[in-house]
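In: Would you be able to build a 3D model of this:
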Amino acid sequence: MKMKMTEVIASRDFVRIRVDNVREIFTVEFGTPVQAPNDAPGRLKEEYICPMRIIGYEKDPTVHIYFGRDTVEALQTAMSGAGVMLSGMPFAEEFVDAGVPNMGFYLDPMMVAMHGLKLTQKQQTIIQYIVERAKRTQS
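Out: Predicted coordinates:
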């Protein structure tokens, strides 16, 4: 199922400086989170989706869909996914923000597990703190 982009509610530009010193702009766009359609793959009851696309990488940018139990979680997951995708590009080290963990986006622990990401020590410490805090609030 191919999803369409909903109305863009937020965006962020990233500058890539290629090895030949040419500057390229990549724009990450986040669409309005909406309730997942009934035919969405992997859809759970009462689940929401947030579309995200990266302009400047593909001629016809793919709309990526991220799920959440509500609109906030769907948006957070999409933002985390954007950072993971940008960080995983073959030329990621050419981004001006390359030294910033997850390109400055929140790093969702579920995204780490799903993609088998290798984290810096600082990122591991942050994830461990988030998990421990979640355990304390559930107790």
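In: Can you pull out the low-pLDDT segments for the chain?
Out: Within the chain, the stretches with pLDDT under 70 are 1, 39-46, 110-131, 133-134, 137-139.
In: For residue 48, give the beta-bridge partners.
Out: The partner list for residue 48 in beta bridges (DSSP bridges) reads residue 35, residue 68.
In: what about it, how many neighbours?
Out: Other residues near residue 48 come to 21 when the count uses other CB atoms under 10 Å. Every C-beta, even on glycine, is put in place using the N, C-alpha and C of the backbone.
In: and what of residue 64?
Out: 15.
In: Specify the beta-bridge partners of it.
Out: Beta-bridge partners of residue 64, as defined by DSSP bridges: residue 52.
In: Quick one: residues contacting it.
Out: 51, 52, 53, 78, 81, 85 (CB atoms under 8 Å, 6 or more residues apart in numbering).
In: Against residue 21, how distant is it?
Out: 30 Å (CB to CB, to the nearest Å).
In: if we can go back for a sec, show me which of the contacts of residue 64 is closest to residue 135.
Out: residue 81 (24.2 Å; CB to CB).
In: Over to the closest one. Which of the three states is it?
Out: What DSSP: H, G, I helix; E, B strand; the rest coil gives for residue 81 is helix.
In: helix/strand/coil for residue 77?
Out: helix.
In: can you pull the contacts of the nearest residue to it once chain neighbours are set aside?
Out: In this structure, residue 77 finds its nearest non-sequential neighbour in residue 66, 4.1 Å apart by CB to CB, 6 or more residues apart in numbering. Going by CB under 8 Å, 6+ apart, residue 66 touches 49, 50, 51, 52, 74, 77, 78, 80, 81.
In: will you turn those into CSV that also has neighbour count and distance to residue 29?
Out: Below are the contacts of residue 66 laid out as CSV (neighbours: other CB atoms under 10 Å; distance: CB to CB, whole Å):
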residue, neighbour count, distance to residue 29
49, 22, 15
50, 27, 11
51, 22, 8
52, 27, 7
74, 27, 15
77, 25, 15
78, 27, 10
80, 23, 15
81, 22, 13
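In: Closest one of these to residue 132?
Out: For these, the nearest to residue 132 is residue 80 (18.9 Å; CB to CB).
In: what number of residues lie near residue 60?
Out: 6.
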